[in-house]
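Q: how would this look folded up:
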Amino acid sequence: MPTIVHFDVPADDIERAQGFYGSLFGWTFTSYGGPYEYNRIETTAENGSPGVAGGMGPRGESGQQITNYVGVPSVTEYLELVTALGGAVLMPQTPIPGFGWLAVCLDTEGNRFGLFEDDPEAA
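A: The predicted structure is shown next:
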C-alpha cells in the first residue's frame, strides 16, 4: 500500500528553520551538496527507530508549504489516476537523478501532495 516516504520543508531562511525544527523535534540535517542548497532531514520515531526522511531547501514559490510524498510503483500510472479521480497535476513527472521520479498534485480538496517512484537509474 502506498505510504508517505518523504516530506519536503520549504524555508525562507534555512539556518533559522533548521534551528527551529532541530530544537523542537531533535531533527538532524545533512547537506546533499551540489548546485543548490538542499538538506536531508533525519527523524527518529518515538521508539528510537529511524523515522520518515525529509528534505529542506529554499522556498520555490510564495505560499509554498510542506509537501508529503507518497511512494508509488509508477508515477506515470498514479498521475493518470489523480486526474481520473478529479485531482490535478501541479508539477509533471520529474527526474531526481540517482534517486527516482517525482510529481506534485492537488487533491479534490485543494491539498498539495507529491508522488515518488524509487528509481536509482532516473536521469
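
Q: Other residues contacting the longest helix belonging to the chain?
A: Secondary structure of the chain per DSSP state H: the longest helix is helix 14-25. Residues outside helix 14-25 that contact it (CB atoms under 8 Å, 6 or more residues apart in numbering): 9, 11, 27-29, 37, 39, 41, 43, 56-58. C-betas here are computed from N, CA, C, even on glycine.

Q: Out of those, which is nearest to residue 68?
A: Comparing those against residue 68 with CB to CB places residue 9 closest, at 10.6 Å.

Q: Not counting its neighbours along the chain, what's nearest that closest one?
A: residue 56 (4.6 Å; CB to CB, 6 or more residues apart in numbering).

Q: Then residue 116?
A: residue 69 (4.3 Å).

Q: Quick check: the gap between the one you found and residue 118.
A: Computed with CB to CB, to the nearest Å, the distance linking residue 69 and residue 118 is 11 Å.

Q: Looking at the two now, which is surrounded by more residues?
A: residue 69 (22 against 12; other CB atoms under 10 Å).

Q: Quick check: neighbours of whichever helix or strand the more buried one is part of in the sheet, parallel or antiparallel?
A: Using DSSP states H and E, residue 69 sits within strand 67-71. Sheet partners assigned to strand 67-71 using DSSP bridges are listed as strand 4-11 (antiparallel), strand 112-118 (parallel).

Q: could you dump that strand to CSV, C-alpha only?
A: Extracted C-alpha coordinates of strand 67-71, given in CSV (Å, rounded to 0.1, in the frame of the first residue of the first chain):
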residue,chain,number,x,y,z
THR,A,67,4.6,18.6,0.9
ASN,A,68,4.3,14.9,1.8
TYR,A,69,5.5,12.5,-0.9
VAL,A,70,3.8,9.1,-1.2
GLY,A,71,5.8,6.2,-2.6
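
Q: And that strand, what's buried?
A: 67-71 (16 or more other CB atoms under 10 Å).

Q: What count of nearby residues applies to the closest residue to residue 57 other than its chain neighbours?
A: Distances taken as CB to CB, 6+ apart place residue 38 nearest to residue 57, at 4.2 Å, with adjacent residues excluded. Residue 38 is flanked by 15 other residues according to other CB under 10 Å.
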